[in-house]
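Visitor: Sharing a model prediction with you, sequence too.
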Amino acid sequence: MSRVGRMPITIPAGVTVNVAEGNVVTVKGPKGELTRGFAPQIGIQVEGTEIICTRPNDAKENRALHGTTRSILNGMVVGVSTGFTKELQVNGIGYRVAKEGKTLVMNIGYSHQVKMDEIPGITIEVPDPNKILIKGCDKQQVGQFAAVVRSKRPPEPYKGKGIKYADEVIRRKEGKTGAKKK
């Protein structure tokens with residue numbers, strides 16, 4: 001039995017879970033509403049304040065779907081109750097970010113400013129000129145948006161300049177050595 005798949009998901013107060021026909025699950029909470037369809041062979045039942053996932057047999061595909069389904073459902077429940085946050089840091093001389101209305105404006109070493117608009121379900125906060133907070137209730141959407149922002153200027157290994165995740169460690173490289181002597 002899957003160690004992840006067999007664990008029940010506790011539904012916090014203020015969150016409602018509805019399983020419709022065809023394994024379409026809707027989770028509503030204080031932070032928003034998420035809907036997603038799951039594989040029909042995985043059973044999803046709401047029993048009191050818990051969600052339980054079951055699989056019909058131990059076929060390889062069903063074992064894989066069992067843990068994945070439970071993990072995605074747990075992410076949905078956590079997302080609508082507490083939400084997800086990704087923190088990005090901007091490193092480099094003259095590199096800074098600001099927020100103008102619903103637009104993130106980045107000065108990251110190009111001859112022009114890089115601008116990105118908020119997408120529905122995502123909010124951007126800029127507490128410092130070199131810190132970006134991306135918040136939302138959909139874990140995949142928050143991670144994807146953070147990856148797109150990071151891709152505008154990924155950190156380079158020589159000086160560490162660029163946009164990186166707060167918990168990311170940049171492996172540094174040594175620069176050029178002096179000229180060869182003959």
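Guide: Thanks, I have the structure now.
Visitor: going forward, measure contacts between C-alpha atoms and count neighbours the same way
Guide: Noted.
Visitor: Buried ones in stretch 106-115, by neighbour count?
Guide: Buried residues in stretch 106-115, counted by 16 or more other C-alpha atoms under 10 Å: M106, N107, I108, G109, V114.
Visitor: Report the contact partners of the second one.
Guide: Which is N107. For N107, the contacting residues are G94, Y95, R96, V97, Q113, V114, by C-alpha atoms under 8 Å, 6 or more residues apart in numbering.
Visitor: still on that earlier bit, could the buried residues of stretch 106-115 go into a markdown table alongside pLDDT, distance to M7 and secondary structure?
Guide: What follows is the buried residues of stretch 106-115, written out as a markdown table (pLDDT from 0 to 100; distance: C-alpha to C-alpha, whole Å; DSSP: H, G, I helix; E, B strand; the rest coil):
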| residue | pLDDT | distance to M7 | secondary structure |
| --- | --- | --- | --- |
| M106 | 94 | 43 | strand |
| N107 | 94 | 46 | strand |
| I108 | 93 | 45 | coil |
| G109 | 91 | 48 | coil |
| V114 | 95 | 44 | strand |
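Visitor: Need these in a markdown table (columns: distance to V46).
Guide: Compiled in a markdown table, the buried residues of stretch 106-115 are given as follows (distance: C-alpha to C-alpha, whole Å):
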| residue | distance to V46 |
| --- | --- |
| M106 | 45 |
| N107 | 48 |
| I108 | 48 |
| G109 | 52 |
| V114 | 46 |
